[in-house]
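A.B. asks: Here's a sequence, model it:
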Amino acid sequence: MTIRPSERLQPPEASRRSISSRVPIRLRPQPGYENLRPTWRDARPARISESLRLSQQQSAGGWYVVGKSRELGRSTSMVRQIAGREVVLWRADDGTLRAGPGSCPHLGALLDGCPVVKGDVVCRWHGLALGDRGHGDWQPFAGHDDGALLWARIRPLTNDPAARDADRSESDEPLSAAPVVGARPPLGQSVSAVITRRGRCEPVDIVANRLDPWHGAWFHPYSFSHLRVDDHASTPERLLVDVTFRLNRSLGVPVRAEFVCPDRRTIVMRIVDGEGAGSVVETHATPLTAPGDPQPETVMTELTVAYSDRRGFAAARRLAGALRPAMRHLARRLWVDDLAYAERRYELRRRGEFPG
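C.D. replies: Next up, the predicted model:
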């Protein structure tokens, strides 16, 4: 996995003190709508569009997130759909991820739930073993397991010349040896959780949602407040945000976070100052339908990796089994709102009415 480390960021004011302290929780009552400062002037459509345009120039190297590491064992295969293709996933004898076309080249059986024998996936219909050697036109894809997420490297499938031309930038991008993602805390020293949700939109609409942090305090008042984008430190490629994560209506934890796009289908939020510095939330958008499909569907996969260098965090890690459901619940609640945002954005684009 190729790593792009975050730059070390310094606050714009020389006298600014670190947000971190011995006690990170602050008495910071959640303001009501009547006391919130409107952010619509800052969330300019042209400003968001420029960040989105630059994000779409970032190559993904042909890689797509296809699932959670935990959901794929060693004894059977599973099939996922990516950009109009069926992709089978299984593990070799050493546990490494393998991937290939999801249809058996013999008579077309779906290779889902098939046994894995000596590192090969074995078709349930007639016992054809498929693996690294390939079989005629059936040739394996590259696969990668980063410890939290599963990835497959493919080319989008489309028989529509117009759609193929519209998506040429992605279809023709050079393939990379591994996915490009941002730096993460060590998974063994963190608490991580993954959620997935499906929406009727395109990957670009998922990314656009995250490139609009100004909506956070208005659309998610139960989770965020006191949000301010630092225009002095931000660029179109990197947004720097001061925000308070809400614990309840009275208490919150102020942090400073950055938003960056390591590839065209991924946006990463990383805490750069305050409690949990180094923690990340990776949002990945994987198209289910082929480019140009009139009814596109996209799976949003979000990985949260929570980390702290406080001594008490070791005890929290021992309670990871109890913490993960709470982390997933919060992320799902946010994405009920944010998928509505992404789907509405796509619908307006489809109708030619989107303001941006």
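
A.B. asks: What are the boundaries of the strands in the stretch 1-150 of the chain?
C.D. replies: 2-4, 26-27, 63-68, 78-82, 85-91, 97-101, 116-117, 120-122, 129-130, 142-145, 149-153 (DSSP state E, counting those that start in this stretch).

A.B. asks: Any buried residues in the last one, and which?
C.D. replies: Read it as strand 149-153. Buried residues in strand 149-153, counted by 16 or more other Cβ atoms under 10 Å: 149-153. For glycine as for every other residue, the C-beta is placed from the backbone atoms N, C-alpha and C.

A.B. asks: Return the residues in contact with the residue located most distally from the centre of the chain.
C.D. replies: If you look at how far each residue of the chain sits from its centre, by Cα atoms, centre = their mean, the farthest one is His126, at 37.8 Å. Contact analysis of His126 by Cβ atoms under 8 Å, 6 or more residues apart in numbering lists 106-107, 109.

A.B. asks: could I get these as TSV with neighbour count, pLDDT and distance to Val79?
C.D. replies: Listed next are these as TSV, based on neighbours: other Cβ atoms under 10 Å; pLDDT from 0 to 100; distance: Cβ to Cβ, whole Å:
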residue	neighbour count	pLDDT	distance to Val79
His106	15	98	16
Leu107	10	98	16
Ala109	16	98	11
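
A.B. asks: Please convert those to TSV, extending it with distance to His232.
C.D. replies: Formatted as TSV, the contacts of His126 follow (distance: Cβ to Cβ, whole Å):
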residue	distance to His232
His106	62
Leu107	63
Ala109	59
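
A.B. asks: Setting aside sequence neighbours, what's the nearest residue to Glu237?
C.D. replies: Excluding its sequence neighbours, the residue lying closest to Glu237 (Cβ to Cβ, 6 or more residues apart in numbering) is Leu54, at 5.6 Å.

A.B. asks: Verify the stated contact: that neighbour with Pro236.
C.D. replies: Yes. With contact defined as Cβ atoms under 8 Å, Leu54 counts as touching Pro236 (5.5 Å).

A.B. asks: ok, and the closest non-adjacent residue to Ala320?
C.D. replies: In this structure, Ala320 finds its nearest non-sequential neighbour in Val191, 4.7 Å apart by Cβ to Cβ, 6+ apart.

A.B. asks: give me the beta-bridge partners of that neighbour?
C.D. replies: In this structure, Val191 bridges to Ala306 when assessed by DSSP bridges.

A.B. asks: Correct me if wrong: it contacts Arg318.
C.D. replies: No. Applying Cβ under 8 Å as the test, Val191 and Arg318 come out as separate, 9.8 Å apart.

A.B. asks: what's the least confident stretch among the strands of the stretch 1-150 of the chain?
C.D. replies: Among the strands of the stretch 1-150 of the chain, strand 2-4 has the lowest mean pLDDT, at a mean of 44.

A.B. asks: got the contact list for the residue nearest to Glu237?
C.D. replies: Contacts for Leu54 (Cβ under 8 Å, 6+ apart) come out as 236-237, 261.

A.B. asks: so which of these comes closest to Ala46?
C.D. replies: Pro236 (10.6 Å; Cβ to Cβ).

A.B. asks: can you count the residues close to that closest one?
C.D. replies: Using other Cβ atoms under 10 Å, Pro236 is surrounded by 15 other residues.

A.B. asks: Confirm for me that it is in contact with Leu52.
C.D. replies: No. Counting by Cβ under 8 Å, Pro236 stays clear of Leu52, with 9.2 Å between them.

A.B. asks: does Trp335 sit in a helix, a strand or a coil?
C.D. replies: Secondary structure state of Trp335, per DSSP: H, G, I helix; E, B strand; the rest coil, is helix.

A.B. asks: For the remainder of this discussion, apply numbering that starts at 27.
C.D. replies: Will do, 27 is the new start, and the previous item becomes Trp361.

A.B. asks: how much space between it and Thr309?
C.D. replies: Per Cβ to Cβ, to the nearest Å, Trp361 is found 9 Å from Thr309.

A.B. asks: And those two? Which one has more around it.
C.D. replies: Neighbours were counted for Trp361 and for Thr309 using other Cβ under 10 Å; Thr309 has more, 24 against 21.

A.B. asks: if I've got this straight, the more buried one is in a strand?
C.D. replies: Yes. Under three-state DSSP, Thr309 sits within a strand.

A.B. asks: Isn't it up against Thr330?
C.D. replies: No. Contact criterion Cβ under 8 Å: Thr309 and Thr330 do not qualify, at 9.8 Å.

A.B. asks: Look at the residue nearest to Ser81 when sequence neighbours are not counted and say how many residues are nearby.
C.D. replies: Using Cβ to Cβ, 6+ apart and skipping residues adjacent in sequence, the residue nearest Ser81 is Cys287, 3.8 Å away. Other residues near Cys287 come to 23 when the count uses other Cβ under 10 Å.
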